[in-house]
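A.B. asks: using only what follows, build the 3D model:
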Amino acid sequence: MPHPGLRGRVAISLVLTAAAALAVAAIALLSPLEHRLRTQEVRDLVTAAVQSRPSFSDVELSDSQRLIPRLRRRVRRIATVTGARVTLLDRERRVIVSTDPDARDRYRDAARALKVDRAVRRIVRGGSAPQARVAVRVSIGGRRYVLALRKPLDEQRAAVVQVRRAFLTAALAALAVALLVAGAFAAKVGRRLRALRAAVVRFRIAGRADELPHDHASDEVGDLSRAFAEMAERLRREEEVRREFVSTASHELRTPLMTLQGRLELLADELARPAPDVVDGRRQLTDAREQANRLARLAADLLDLSRLDADVDLRREEVDLAELVRAVASEFSARVREQRRELHTELAPLRVVADPTACARVVRVLLDNALRYSQPGSPISLWVKQDHGQGCVGVHDEGPGIPAADQLRIFDRFARGAGANPAGGFGLGLAIARELGERMGGSVDLVQNGRPGATFTLRLPVVTPGANAIQTEASPA
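C.D. replies: Okay, here's the model as predicted:
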């Protein structure tokens, strides 16, 4: 047997909820209704009987000729008001006056009514319908009598039956309306979900995010549709970035590989001659070594990007920023001397929260770019200071600077300026530096300060005085 779909389950759930609510209402209202009506009828009989006591007290027993007619009139008046059969009994339970003399009744409650001042009441469930019985003691000429009232409760039963029929009719109508409303609601929700499912299937096959439904409703289905549309668009953008990355990386790898292969072939041809040219061979070997170094740098950059994309956790610990920058600067001392430059440093003592390996990697990228893209012989400035509550590492060169057209994309992967040297980097250094800076809770920015050249800064959170020691979370592989 096939299981009902979402539309059927929603409709069944709503109808069952309505049915359960109606059942609870029926139990709470209809079940005690008949009892309440019967109890109220008995109370009305007791009230009428008690209020009639003074009318019997005024009757004089000495006027025997007019006694019975007076009693009969009073009994009929009570019967007219209550609709009950009214009987007046003496102490021996003999009928004196009755609105129905032919009725058979033993008046067993009369003896008890003579003994107490309150009314004796009960409901007898015999015969075709229950009967309310009330007996109250009255006084006539100083003697005690009993006024007995008998009333069938068939009207209350008929009223309950009528109310139950009306409630049943209303319940059926309510269930029909609930079924229609539930069906319409389930159909609408099911139609929206089927459209979303079809769009997901099409997206899985064709990968086109523009075919997803635009559901603007402010409910869970609308939120699901918009969330999936956003996810699909993000996947599309990531796929485009991946393809571009693979294409660019393949191109960047192909160029040094072809150059390296060509240099090695020329070197092999030169060495195969009877009298090889050692000077030309050394030149070819130097060029091959440079291309091998470029490939090594590209492989290292790609490895760093893969770690960043894999969300490898960085350490968070106290770092002496000045000492770290001084150590990194010493690594470039040979290149600085080779290019006949001056490296001006201003390193103020400062402790920050960072990953020391990632922080050193960022500083290397900034110094390498300053040495690579500025003219040999021009000075480079390097400083560490606290700026606006953050630790700041700044690198400034006096090169050509960053053109305005390239400033917005200089931190993108494989993005290089229009005038970049083809033998330079691969456009990955600044992208890696910015991502590392953001992962450490800081930033890497290009500063526009009006000075010639380019200025890059690394900003990191400083250590709060008096804070507890920061625990190491993880270390990159």
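
A.B. asks: check the burial of residue 203 by counting its neighbours.
C.D. replies: Neighbourhood size, residue 203 [other Cβ atoms under 10 Å]: 20. (Glycine included, C-beta is placed from N, CA and C.)

A.B. asks: strands along this protein, start to end?
C.D. replies: Using DSSP state E, the strands of the chain run over 85-89, 95-98, 120-124, 131-140, 143-152, 317-320, 343-347, 351-354, 380-387, 390-397, 443-447, 454-461.

A.B. asks: any idea which of these gets closest to residue 370?
C.D. replies: Closest of those to residue 370 is strand 390-397, at 3.9 Å (criterion: Cβ to Cβ).

A.B. asks: alpha carbons only: can I get the closest one in PDB?
C.D. replies: Provided in PDB are the C-alpha atoms of strand 390-397 (Å, rounded to 0.1, in the frame of the first residue of the first chain):
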ATOM      1  CA  GLN A 390      45.900  47.100  17.200                       C
ATOM      2  CA  GLY A 391      49.300  45.800  16.500                       C
ATOM      3  CA  CYS A 392      50.500  47.100  13.100                       C
ATOM      4  CA  VAL A 393      53.300  45.900  10.900                       C
ATOM      5  CA  GLY A 394      54.000  48.300   8.000                       C
ATOM      6  CA  VAL A 395      56.100  47.800   4.800                       C
ATOM      7  CA  HIS A 396      56.700  50.800   2.400                       C
ATOM      8  CA  ASP A 397      58.600  50.800  -0.800                       C
END
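
A.B. asks: could you give the mean pLDDT of that strand?
C.D. replies: Mean pLDDT, taken over the full extent of strand 390-397, equals 93.

A.B. asks: run through who's touching it.
C.D. replies: 321, 325, 350-352, 362-363, 366-367, 369-371, 373-374, 378, 380-386, 442, 447, 451, 453-462 (Cβ atoms under 8 Å, 6 or more residues apart in numbering).

A.B. asks: circling back to that earlier point, out of the strands of the chain, flag the one nearest residue 14.
C.D. replies: Residue 14 sits nearest to strand 120-124 of all those, at 42.2 Å, using Cβ to Cβ.

A.B. asks: and the closest one, C-alpha only, in PDB?
C.D. replies: The C-alpha trace of strand 120-124 is given here as PDB (Å, rounded to 0.1, in the frame of the first residue of the first chain):
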ATOM      1  CA  VAL A 120     -36.800  15.800  49.800                       C
ATOM      2  CA  ARG A 121     -35.700  15.400  46.200                       C
ATOM      3  CA  ARG A 122     -34.600  12.600  44.000                       C
ATOM      4  CA  ILE A 123     -34.700  11.400  40.400                       C
ATOM      5  CA  VAL A 124     -36.200   8.000  39.600                       C
END
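
A.B. asks: averaged pLDDT, it. What do you get?
C.D. replies: Computed over strand 120-124, the average pLDDT equals 87.

A.B. asks: by contact count, what packs against that strand?
C.D. replies: When contacts are defined as 3 or more Cβ pairs under 8 Å, 6 or more residues apart in numbering; DSSP states H and E, strand 120-124 sits against helix 33-51, helix 109-115, strand 131-140.

A.B. asks: out of the ones you listed, which gets nearest to residue 100?
C.D. replies: The closest of these to residue 100 is strand 131-140. By Cβ to Cβ, the value is 12.8 Å.

A.B. asks: can you list the buried residues in that closest one?
C.D. replies: For strand 131-140, a neighbour-count test (16 or more other Cβ atoms under 10 Å) marks 131, 132, 133, 134, 135, 136, 137, 138, 140 as buried.

A.B. asks: those residues: which two are farthest apart?
C.D. replies: 131 and 140 (26.0 Å).

A.B. asks: picking that back up, find the one among the helices and strands packed on strand 120-124 with the highest mean neighbour count.
C.D. replies: Most buried of these, by mean neighbour count (mean count of other Cβ atoms under 10 Å): strand 131-140, with a mean of 22.

A.B. asks: and that one, which strands flank it?
C.D. replies: strand 120-124 (antiparallel), strand 143-152 (antiparallel) (DSSP bridges).

A.B. asks: now the ones you listed in CSV, with distance to residue 96 and mean neighbour count?
C.D. replies: Shown next, in CSV, are these (distance: least, Cβ to Cβ, whole Å; neighbours: other Cβ atoms under 10 Å):
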stretch, distance to residue 96, mean neighbour count
strand 120-124, 18, 16
strand 143-152, 7, 21
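
A.B. asks: before we move on, the earlier item: can I get the buried residues of strand 131-140 in a markdown table including distance to residue 113 and pLDDT?
C.D. replies: Shown next, in a markdown table, are these (distance: Cβ to Cβ, whole Å; pLDDT from 0 to 100):
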| residue | distance to residue 113 | pLDDT |
| --- | --- | --- |
| 131 | 17 | 86 |
| 132 | 15 | 89 |
| 133 | 10 | 91 |
| 134 | 9 | 92 |
| 135 | 4 | 92 |
| 136 | 6 | 93 |
| 137 | 5 | 92 |
| 138 | 9 | 91 |
| 140 | 14 | 87 |
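
A.B. asks: how about the helices in the stretch 301-450 of the chain?
C.D. replies: Remark: helices assigned in the stretch 301-450 of the chain by DSSP state H, counting those that start in this stretch are 321-331, 333-338, 356-373, 429-439.

A.B. asks: the inter-axis angle of the longest one versus strand 343-347?
C.D. replies: Our comparison of helix 356-373 with strand 343-347, counting by axes from the mean of the first three to the mean of the last three Cα atoms, to 10 degrees, yields an angle of 150 degrees.

A.B. asks: just to revisit the earlier point, just the buried residues from the contacts of strand 390-397, in PyMOL please.
C.D. replies: Buried members of these can be picked out in PyMOL with the line below, counting by 16+ other Cβ under 10 Å:
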select buried, resi 321+325+350+352+362+363+366+367+369+370+371+373+374+378+380+381+382+383+384+442+453+454+455+456+457+458+459+460+462
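
A.B. asks: list the buried residues in stretch 154-168.
C.D. replies: By 16+ other Cβ under 10 Å, the buried positions in stretch 154-168 come out as 156, 157, 160, 167.
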